[in-house]
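1. show me the folded form of this:
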Amino acid sequence: MDFLLEVGTEELPADFVDSAIAQLRERVSKSLETESLDATAIQVYATPRRLAVLITGLPREQEARSEEIKGPPVSAAYKNGKITAAGEGFARKQGVSTAAFSIRATDKGEFVYIEKTIPGRQTAEILTELIPQWITRLEGRRFMRWGDGDLRFPRPIRWLLTLVDGEVLPLELINGSTTLTSDRLTFGHRILHPQSLAISHPQAYLTSLRSIFVEADPQARQQIITAQISTLAKKLKGVAEIPADLLAEVTNLVEYPTAIVGKFDDEFLELPPEVIITVMVTHQRYFPVKTPQGLSPYFITISNGDPQKSEIISAGNERVIRARLADARFFYTADCDEPLDSFLPQLETVTFQEELGTMRDKVDRIMEIAQMIVEQLNLDEQSRSDIESTAMLCKADLVTQMVYEFPELQGVMAEKYALISGESAIVARGIFEHYLPRNAGDILPETITGQVVGIADRLDTLVGIFGLGMLPTGSSDPFALRRAANAIISIIWSADFNINLLALIEQIAQDFVTSHPDKPNPANLIKDFLLQRLQTLLIDDLRIDYDLVNAVLGENDPEYKSRALENLLDTRERARFLCQIRQDGQLANIYETVNRSTRLAQKGDLDTTTLEVKGIINTELFEQSSESAFYNALIALIPETISAREQRDYQRLVTALTAISPLVADFFDGENSVLVMAEKESVRRNRLNLLGLLRNHARVLADFGAIVKG
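-> Below you'll find the model as predicted:
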């Protein structure tokens, strides 16, 4: 059988529509599965005024099923071979005779069991229980109540349509003193067909709605919008810019889309294109049109009104954007009358965070942190000067009139104002780029000014917010600290910066404590946080196996954790290299040797960093030639390991470890093998030190104990 549910509402927020579709798709599927109701297909549709679920191929009733039910212990159900009152009560409760009892042994003794056949319920009956849950358990922001009831939904619910095949499934939705009764009636487009229409059958739903000027399928609606925009843009001899977010929003704002062309005065093209596009896309939901010559004075908007009134709608849109662009031109002209650095004093009036001071205070800290990074990178004087200027001006545009009105343009306007003020191109570009990446899919900064200042800005935010104890929890991350941490790592990787991030964190955290003596040092919290983000980026973005990531980051290993943050480039390189040698088989060649040595070395007391054999190994204690061969191989291994570490050429180390493996195998199991755990303490310690040294050489690459054999 087929089933249709439509919940009719006042106009829903656009961002809720997509969320509701996803929630309904998951919730309906899971609840049907729980009830053992297999459907051929589940389709979810939505417009601003309706949410709909179309289910095809449902059985008319559940299949009967057998269920095993555990009863009382045998000792309670029987006494002297006869059924007790407890046994009879269990049988009576389950609706069976005591003859149906079977006895089974369990960990807690023998118990009475029965096999009970549970008849399937009618699907329609089950749906009447599920539908209110599907509706009332939807989640989202800014839910509201209406009337005198407690029912919460993004907008008031106005009608309810429930059909099983061609018949109405009776259902009531109670909201205080108001009861909404289900029917087969839906309503058309608010302007083009406000009257109701009876739906004859669930399969007729989409076709019936199209006859009353409603396209309920969001994908079809989006395709219509895209095709109409492209057609109009071609007529204008241009190409429309169709941002994905705007397209998704507009799709959820209309039921019967009509693309309409509008035009603004050519004189506004003197404004920076980013300003015009921001006004159109972000504030007016218009699609800009570009030509080979650049941005054109035309735009395309999607109307949900009467197509016959397109000229009137277009004229209204043109009046609105003309006013918006006139305001933008005024702001731009006023801002350009002053050099960018003249706005710096005003930053003292803008609060970054109550306990962390003003934006001017933040700029001062960014300049200090940028200087620390410059010192680590040992940059030339010109780069130092450029970075200093970039850091000083990076937030200046926040107090300009344009950015105050259009916050989306922060950084964009700063670059333009910096150039107008006579700053160099690399400083101007760096001011813009220090905000990059702005989101997960955004580009990374390419100038050294943008890279250094971007890292400095984010480190200041991380230390300050963590220092105040305002850590991100769950999905709550108001200061975008996860994004900031990801950006720091990604920028360092992209720029190939040989930065000691650990030293930076410790210094900045100490500076924070100096200025906030009542607060604990947040350095350790920030280190752990960055390591979590580093782990996520290695696994999710670089597709490194989780155990190889653990091998380079260490599992509760302070040495590896510190090393990971001291050199992020080396950490990435080692992770990638491990992945490579796993694929080409080199890892398997050394895995057993290194792992066995590592496990046994833990029984000794050698530290994990020593590589030199002098003072560690006493050759006079050797009893077998395998010990001498192992010892000589370790001596030959030292320059290979040191070179591998300094040059990040870990193939040299793996090649050397591969060469030593047969000697270690002979040490363990060959004709000249030894008993590592010898009775004599000095001999035992000497042999454990041999293994500990091999472990330490391998640790220069990774913690092999964290690697899963595969």
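2. need the contact list for the residue most central in space within the chain.
-> In the chain, the centroid-proximal residue (CA atoms, centre = their mean) is A440; its distance is 7.9 Å. By CB atoms under 8 Å, 6 or more residues apart in numbering, the contact set of A440 is R483, N486. For glycine as for every other residue, the C-beta is placed from the backbone atoms N, C-alpha and C.
3. ok, the one 4 residues further on next?
-> For L444, the contacting residues are L436, P437, S490, I491, S494, by CB under 8 Å, 6+ apart.
4. do M372 as well
-> For M372, the contact set (CB under 8 Å, 6+ apart) comprises A456, L504, Q507, I508.
5. quick one: pLDDT of the first one?
-> According to the predicted model, the pLDDT of A456 comes to 98.
6. that one contacts I369, doesn't it?
-> Yes. Judged on CB atoms under 8 Å, A456 makes contact with I369 at a distance of 3.9 Å.
7. neighbour-wise, which of those two wins?
-> A456 (28 against 24; other CB atoms under 10 Å).
8. now L161. Nearest residue, chain neighbours left out?
-> E6 (3.9 Å; CB to CB, 6 or more residues apart in numbering).
9. pull up the pairing partners for the helix or strand hosting that neighbour, direction included.
-> Per DSSP states H and E, E6 falls inside strand 3-9. Strand 3-9 pairs in its sheet with strand 50-56 (antiparallel), strand 157-164 (antiparallel), by DSSP bridges.
10. which parts of the stretch 301-450 of the chain are helices?
-> 310-336, 359-377, 381-393, 401-405, 412-420, 425-433, 448-467 (DSSP state H, counting those that start in this stretch).
11. out of the ones you listed, deepest packed?
-> helix 448-467 (a mean of 26; mean count of other CB atoms under 10 Å).
12. downstream of that one, the next helix or strand is which one?
-> Taking DSSP H and E, what comes next after helix 448-467 is helix 481-495.
13. in that following helix, which residues are buried?
-> 481, 483-493, 495 (16 or more other CB atoms under 10 Å).
14. dump these into TSV; add pLDDT as well.
-> Converted to TSV, the buried residues of helix 481-495 look like this (pLDDT from 0 to 100):
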residue	pLDDT
L481	95
R483	94
A484	96
A485	96
N486	96
A487	96
I488	97
I489	97
S490	96
I491	97
I492	97
W493	96
A495	96
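15. specify which member of those residues is nearest to V320.
-> Among these, R483 lies closest to V320 (CB to CB), at 33.5 Å.
16. contacts only, for the closest one.
-> R483 neighbours (CB under 8 Å, 6+ apart): N439, A440, D477.
17. make JSON lines out of those and add pLDDT and distance to K709.
-> JSON lines is the format used below for the contacts of R483 (pLDDT from 0 to 100; distance: CB to CB, whole Å):
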{"residue": "N439", "pLDDT": "87", "distance to K709": "39"}
{"residue": "A440", "pLDDT": "82", "distance to K709": "34"}
{"residue": "D477", "pLDDT": "88", "distance to K709": "37"}
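18. how close does the residue lying farthest from the centre of the chain sit to G109?
-> In the chain, counting by CA atoms, centre = their mean, N80 sits farthest out from the average C-alpha position, at 65.2 Å. For N80, the distance to G109 (CB to CB, to the nearest Å) stands at 18 Å.
19. what's the local residue count around Q651?
-> The number of residues near Q651, taken as other CB under 10 Å, comes to 12.
20. host element of it?
-> helix 650-669.
21. what helices and strands are in contact with the next helix or strand after that helix?
-> Using DSSP H and E, the helix or strand that follows helix 650-669 in sequence is helix 681-699. Applying 3 or more CB pairs under 8 Å, 6 or more residues apart in numbering; DSSP states H and E, one finds that helix 681-699 contacts helix 586-601, helix 625-647, helix 650-669.
22. how does it look with 10 Å?
-> The helices and strands touching helix 681-699, judged by 3 or more CB pairs under 10 Å, 6 or more residues apart in numbering; DSSP states H and E, are helix 558-566, helix 586-601, helix 625-647, helix 650-669.
23. any idea how far the strand holding E6 is from the middle of the chain?
-> Computed by CA atoms, centre = their mean, to the nearest Å, the chain-centroid distance of strand 3-9 equals 32 Å.
24. by how many degrees do the following helix or strand past that strand and strand 3-9 diverge?
-> The C-terminal neighbour of strand 3-9 among helices and strands, as given by DSSP H and E, is helix 14-34. Put simply, helix 14-34 runs at 150 degrees to strand 3-9, going by axes from the mean of the first three to the mean of the last three CA atoms, to 10 degrees.
25. other SSEs contacting helix 14-34?
-> strand 3-9, strand 41-47, strand 50-56, helix 123-136, helix 218-235, helix 244-251.
26. look up how far V412 lies from the closest residue to Q284 other than its chain neighbours.
-> Using CB to CB, 6+ apart and skipping the chain neighbours, the partner closest in space to Q284 is I321 (5.8 Å). Separation of I321 from V412 (CB to CB): 19 Å.
27. swap in L538?
-> 32 Å.
28. now do P156
-> 40 Å.
29. quick one, what contacts the nearest residue to L525 once chain neighbours are set aside?
-> Using CB to CB, 6+ apart and skipping the chain neighbours, the partner closest in space to L525 is F466 (5.3 Å). By CB atoms under 10 Å, 6 or more residues apart in numbering, the contact set of F466 is 472, 479, 481, 505, 509, 512, 519, 521-526, 529.
30. and if we set it to 8 Å?
-> L481, P522, L525, I526, F529.
31. mind giving me CSV with those and columns for distance to P288 and secondary structure?
-> Shown next, in CSV, are the contacts of F466 (distance: CB to CB, whole Å; DSSP: H, G, I helix; E, B strand; the rest coil):
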residue, distance to P288, secondary structure
L481, 34, helix
P522, 44, coil
L525, 44, helix
I526, 41, helix
F529, 40, helix
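32. quick one on the thing from earlier: return the member of the contacts of L444 nearest to M280.
-> L436 (22.7 Å).
33. burial count for the nearest residue to the closest one once chain neighbours are set aside?
-> Excluding its sequence neighbours, the residue lying closest to L436 (CB to CB, 6+ apart) is P445, at 4.6 Å. Residues lying near P445 (other CB under 10 Å) number 25.
34. P445 and E433 touch, don't they?
-> Yes. Counting by CB under 8 Å, P445 does reach E433; the two are 3.6 Å apart.
35. the residue farthest from the centre of the chain and I635: what is the separation?
-> N80 is 84 Å from I635, by CB to CB.
36. do S314 as well
-> In this view, S314 and I635 are 84 Å apart by CB to CB.
37. of the helices of the stretch 301-450 of the chain, which is nearest D605?
-> Here helix 359-377 is closest among the helices of the stretch 301-450 of the chain (CB to CB), at 35.7 Å.
38. in the stretch 451-600 of the chain, where is pLDDT below threshold?
-> Nowhere does the stretch 451-600 of the chain drop to pLDDT under 70.
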